[in-house]
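1. fold the stuff below for me.
(2 chains)
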There are 2 protein chains.
Amino acid sequence: MGEEKKLTPRGEDFAAWYNEVVQRAELADYSPVRGSMVIRPWGYGIWENMQRALDSMFKETGHENAYFPLLIPMSFIEREKEHVEGFAPELAIVTQAGGKELEEPFAIRPTSETIIYAMYAKWVQSYRDLPILMNQWANVVRWEMRTRLFLRTAEFLWQEGHTAHATAEEAEEETLLILGIYRRFMDEWIAMPPITGLKTDSEKFAGAVRSYACEALMQDNRALQAGTSHFLGQNFARQFDLKFQSVEGREEYAWNTSWGVSTRLVGGMVMTHGDDAGVVVPPRLAPVQVVVVPILRGDDTQSRVLAKAHEVCARLKELGVRAKVDAREHLSPGNKFYEWERKGVPFRVEIGPKDLEKGQLAIARRVVPEGAKRKEFVAEAEAIASFSARLEDLQSELREAAAARREANTLRGVGSLGELQEALDSGAGFVLTGWSGDPAVEERVKELTRATARVVPGPEFRSETPPQRCVSGDGPSKMEVAWARAY
Amino acid sequence: MGEEKKLTPRGEDFAAWYNEVVQRAELADYSPVRGSMVIRPWGYGIWENMQRALDSMFKETGHENAYFPLLIPMSFIEREKEHVEGFAPELAIVTQAGGKELEEPFAIRPTSETIIYAMYAKWVQSYRDLPILMNQWANVVRWEMRTRLFLRTAEFLWQEGHTAHATAEEAEEETLLILGIYRRFMDEWIAMPPITGLKTDSEKFAGAVRSYACEALMQDNRALQAGTSHFLGQNFARQFDLKFQSVEGREEYAWNTSWGVSTRLVGGMVMTHGDDAGVVVPPRLAPVQVVVVPILRGDDTQSRVLAKAHEVCARLKELGVRAKVDAREHLSPGNKFYEWERKGVPFRVEIGPKDLEKGQLAIARRVVPEGAKRKEFVAEAEAIASFSARLEDLQSELREAAAARREANTLRGVGSLGELQEALDSGAGFVLTGWSGDPAVEERVKELTRATARVVPGPEFRSETPPQRCVSGDGPSKMEVAWARAY
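-> Predicted coordinates:
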């Protein structure tokens, strides 16, 4: 076995661990372009699996994909007042093209509300043209000063849904439908159960009436905003003249929603499940679910061992398992084990001359439950047949572990700013308190604790006994808030 | 039936027909961003089917997807001399970001050789790290002055493959492997059989040693460059220091290839199969293969007709057919027929009260072979079971028709510039002649005829009797060339 430089342990420096593990698992790498990253095949394969799952959830609910321009005339971005205030500081601007200075510069899209609603305005005449339910998979650029691989980069990949409706009710329903899809996707695919709810006004999307969000709790107990769904009201429709003739013959502005998740989710996955040996990829997202490593002795058993490895791999594929043989000759089995553990492949199958003799396979788990062994020897046919169940079991175990961790690190019923500060300082994740609705309290909390209001939790996440008083001590509570330090 | 404005017939003005049909079939639309288009769901759905097919062909041959930055430092683009000369006039340049002037401006990628090989240089140490076989699905920007929907736009979507190899032979093999994949894809999926071969030096990719291309013949007998595969030699490796230690321990530059197809293929599909009624989408690419239109009379049969339409649709889906019920209430059946014909859905099923009574379905074809009827009535179960075969048959018929048209419009054995000019003026498509290899002859042909050397055809497309003399009359022929006026 070769020398392996160990990762910085999570408990020692979580941020350092994250940066190392993302690069050493070959999920992503820094690029020569400031703040932009390269998504390497292992990371991109995970993103592709995320895309496939989300895309079919969108399509099942009647959404269609389309593609809108990357470049947005500056005058479009400037039209919605809050929108431009929110995004102007982060824009990358094209001022020259085709060898000339442009008369009107273009912004590289930081998000596409403006250009998309301008197009909808062209397509919509009557209520019969509504709803429009479109999504695009695209890259966007937001010039961030402090970047971190996957979590915050100058360019990132995402999907952005944009819909137009005849009524406010229908648009609000859509906003919540998507929030539910996001929550289900994070639960069932990333095994990263978020809490969901409404953003406070100070945290909402620039241009939205209301923003809903999914907030997941990472292993360092910081919250990650993992997806947002916005009810835009008629704000953009008014600016882009997106009107329709109603059933009653009146001219009305349409009601919009927009919603998105991004490659940030890959970072969320890493920080939810990773351990000191590397990344752990939930089976449903793993580009390779089972890696088959032949143990080659360089003797006359070699070709039979290799043939068996390929046979096992082929049979796993027939059963719908994403399997791969690692037959590289220049690496020892031990080096391969380390590499695939670091990458987070859920299971490893080892086949050596002895296993061949005994008609068995060695199955090694990436994640070893307490009291279990990493490796077990199972008769070949039984081993192969067991993987569908093993993968589903692991998926559930990861989900349960993440849910339990979130629950264990969520503190409810905190009644004062002092207690809130103490809770956060002693490492709590989400802390729920009452809130009067006064933005000054949010400011105060932020100053004191560096925590922000992540969401006003939806009904599923509210405390059984609603808090009576605002955490500030000033006045009664109007709503409950989940506070956390966030990415 | 409502009023339908007819499309300009192809025979009258092919370019006008193309522009109208792309917009009225809702494949794409002009955007407020000069030269950029919006790909609407029907067009994007076709592109998604193209992507899926190509992506699995790439993966079957060992390629992996990744993602590299949109923005490329200007100094990178300037490093390969021919490359910058080729692309500089078309660059869109970001000079400001995050509220500041940038010290070094970025180009929006017109193609990604430079940034990708800079990353490979970081990842490759030894021959063991080779080959690298990566692909990315991405948007690129080339500031074109005269744009046409799908065919030439300031921004377009494509895939770009980039590989690195230890030997020239292996890289050349890769270039040809991909050329073959492209040809097979265009043949079997778009039903648009191209001719393939080598580009002349004046037409090759900026920075390549050799470029191979697929050239398809449109209905107006102009050629469309539909895909290219480049052998880059060590040109980029030298500029980006992409070196490896060989088996023998020597330091060597890697050998690269790059290859791409784009949303231009959607335009090629339109110009290959469309007719005066609209687009014709080959079944394998059609987002909807069978549209089911209930004929609603507004009487007591209505709910039964509608239920039957949904039942038929569900049974088609079970058989793997992409089917959809068009139950819109504000459109007459006739209007729906026009719309789906314009969009090119391969088959329409009509169900009215009479059909219900007789246990039959009316099947209407988008493309009616000579002597056949557009519509036939078939017993329900038989009709449903027939669609897999109908779709495959239509796919072959479209392919055969396109191949026959290409053959009928390819003229071989043309021996002089006068004959070449005459052939092109009288509407020939590809004209094959001998060529001495002298670029001055290409210039002369272009001046005389507006045609360019599309390819030096590969062995499959060469004339049985090779031409003896150069078309210029000056000297012997070194190779055969396929000339055509091109998009």
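
2. how about the residues of the stretch 251-400 of chain A by chain B?
-> Neighbours of chain B within the stretch 251-400 of chain A, by Cβ under 8 Å from any Cβ of the partner chain: A:328, A:330. The way it works is simple: take the backbone N, C-alpha and C, and place the C-beta from them, glycine included.

3. what segments of the stretch 251-400 of chain A are strands?
-> A:251-253, A:255-262, A:290-294, A:323-325, A:347-351, A:360-365, A:375-379 (DSSP state E, counting those that start in this stretch).

4. for residue A:54, give me its contacts.
-> Under the criterion of Cβ atoms under 8 Å, 6 or more residues apart in numbering or on different chains, the contact list for residue A:54 reads A:159, A:181, A:185, A:261.

5. and of the strands of the stretch 251-400 of chain A, who's closest to residue A:310?
-> Across the strands of the stretch 251-400 of chain A, residue A:310 has its closest neighbour in strand A:323-325 (5.7 Å, Cβ to Cβ).

6. which strands and helices lie in contact with the closest one?
-> Where contact means 3 or more Cβ pairs under 8 Å, 6 or more residues apart in numbering or on different chains; DSSP states H and E, strand A:323-325 is packed against strand A:290-294, helix A:302-318.

7. now the stretch 151-300 of chain A against chain B: closest residue?
-> residue A:155 (5.4 Å; Cβ to the nearest Cβ).

8. quick revisit: could you dump the strands of the stretch 251-400 of chain A to a markdown table with mean neighbour count?
-> As requested, the strands of the stretch 251-400 of chain A are exported to a markdown table (neighbours: other Cβ atoms under 10 Å in any protein chain shown):
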| stretch | mean neighbour count |
| --- | --- |
| strand A:251-253 | 14 |
| strand A:255-262 | 26 |
| strand A:290-294 | 25 |
| strand A:323-325 | 19 |
| strand A:347-351 | 23 |
| strand A:360-365 | 19 |
| strand A:375-379 | 13 |
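
9. residue A:33: which of those strands is closest?
-> strand A:255-262 (17.9 Å).

10. so for that closest one, mean pLDDT?
-> Mean pLDDT, strand A:255-262: 98.

11. relative to it, what are the paired strands and their orientations?
-> strand A:155-165 (antiparallel), strand A:223-233 (antiparallel) (DSSP bridges).

12. quickly list what the residue of the stretch 151-300 of chain A closest to chain B is bridged to.
-> Applying DSSP bridges to residue A:155 gives these bridge partners: residue A:141.

13. what does the stretch 101-250 of chain A put close to chain B?
-> For the stretch 101-250 of chain A, the residues in contact with chain B (Cβ under 8 Å from any Cβ) are A:105-106, A:108, A:115, A:118-119, A:122-123, A:128, A:134, A:138-139, A:141, A:143-145, A:154-155, A:157.

14. re earlier: I'd like the strands of the stretch 251-400 of chain A laid out as JSON lines, including distance to residue B:10.
-> Shown next, in JSON lines, are the strands of the stretch 251-400 of chain A (distance: least, Cβ to Cβ, whole Å):
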{"stretch": "strand A:251-253", "distance to residue B:10": "39"}
{"stretch": "strand A:255-262", "distance to residue B:10": "39"}
{"stretch": "strand A:290-294", "distance to residue B:10": "54"}
{"stretch": "strand A:323-325", "distance to residue B:10": "50"}
{"stretch": "strand A:347-351", "distance to residue B:10": "57"}
{"stretch": "strand A:360-365", "distance to residue B:10": "62"}
{"stretch": "strand A:375-379", "distance to residue B:10": "65"}
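
15. and the helix or strand bottoming out on mean pLDDT in chain A, what does it pack against?
-> Within chain A, no helix or strand scores below helix A:81-87, which has a mean of 87 by mean pLDDT, DSSP states H and E. Other elements packing on helix A:81-87 under the criterion 3+ Cβ pairs under 8 Å, 6+ apart are helix A:74-77.

16. pLDDT at residue A:469, what is it?
-> Reported pLDDT for residue A:469: 96.

17. residues in contact with it?
-> A:415, A:434, A:475-477 are the contacts of residue A:469 under Cβ under 8 Å, 6+ apart.

18. repeat that for 7 Å
-> By Cβ atoms under 7 Å, 6 or more residues apart in numbering or on different chains, residue A:469 lies in contact with A:415, A:434, A:476-477.

19. report how many residues lie close to residue A:173.
-> 14 (other Cβ atoms under 10 Å in any protein chain shown).

20. ok, now residue A:418?
-> Neighbours of residue A:418 (other Cβ under 10 Å): 12.

21. ok, now the one 3 residues further on?
-> A count of nearby residues for residue A:421, using other Cβ under 10 Å, gives 17.

22. wait, it sits on residue A:448?
-> Yes: between residue A:421 and residue A:448 a contact is recorded at 5.3 Å, counting by Cβ atoms under 7 Å.

23. tell me how far the closest residue to chain B within the stretch 351-487 of chain A lies from residue B:288.
-> Across the stretch 351-487 of chain A, the shortest distance to chain B (Cβ to the nearest Cβ) belongs to residue A:487, at 19.7 Å. According to Cβ to Cβ, to the nearest Å, residue A:487 and residue B:288 sit 42 Å apart.

24. please enumerate the helices of the stretch 51-200 of chain A.
-> Secondary structure of the stretch 51-200 of chain A (DSSP state H, counting those that start in this stretch): helices at A:74-77, A:81-87, A:113-123, A:168-188.

25. ranking those helices by mean pLDDT, which is last?
-> helix A:81-87 (a mean of 87).

26. chain neighbours aside, what residue packs nearest to the closest residue to chain B within the stretch 201-350 of chain A?
-> When scored by Cβ to the nearest Cβ, the stretch 201-350 of chain A has residue A:330 as its residue closest to chain B, at 5.1 Å. Closest residue to residue A:330 apart from its sequence neighbours, by Cβ to Cβ, 6 or more residues apart in numbering or on different chains: residue B:128 at 5.1 Å.

27. then residue A:98?
-> residue B:143 (3.6 Å).

28. residues near the one you found, how many?
-> Using other Cβ under 10 Å, residue B:143 has 24 neighbouring residues.

29. show me what contacts it?
-> Applying Cβ under 7 Å, 6+ apart to residue B:143 gives the contacts A:97-98, B:90-92, B:154.

30. can you do 6 Å?
-> Residues near residue B:143 by Cβ atoms under 6 Å, 6 or more residues apart in numbering or on different chains: A:97-98, B:90, B:92, B:154.

31. output the residues you listed as a markdown table; include the columns distance to residue B:66 and neighbour count.
-> Formatted as a markdown table, the contacts of residue B:143 follow (distance: Cβ to Cβ, whole Å; neighbours: other Cβ atoms under 10 Å in any protein chain shown):
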| residue | distance to residue B:66 | neighbour count |
| --- | --- | --- |
| A:97 | 27 | 23 |
| A:98 | 29 | 18 |
| B:90 | 25 | 17 |
| B:92 | 23 | 24 |
| B:154 | 25 | 25 |
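
32. what about residue A:450, how many neighbours?
-> As a burial measure, residue A:450 scores 13 neighbours (other Cβ under 10 Å).

33. ok, so what distance separates it from residue A:42?
-> For residue A:450 relative to residue A:42 (Cβ to Cβ), the value is 33 Å.

34. relative to residue A:6, which of the contacts of residue B:143 is nearest.
-> Of all those, residue A:6 sits closest to residue B:92, with 45.0 Å by Cβ to Cβ.

35. ok, what's across the strand from the closest residue to the closest one other than its chain neighbours?
-> Using Cβ to Cβ, 6+ apart and skipping the chain neighbours, the partner closest in space to residue B:92 is residue A:97 (4.1 Å). Note on residue A:97: beta-bridge partners by DSSP bridges are residue A:100, residue B:92.

36. and residue A:97, how far is that from residue B:134?
-> Counting by Cβ to Cβ, the separation of residue A:97 from residue B:134 is 28 Å.

37. wait, residue A:441 touches residue A:472, no?
-> Yes: Residue A:441 is within contact range of residue A:472, at 4.5 Å (criterion: Cβ atoms under 6 Å).
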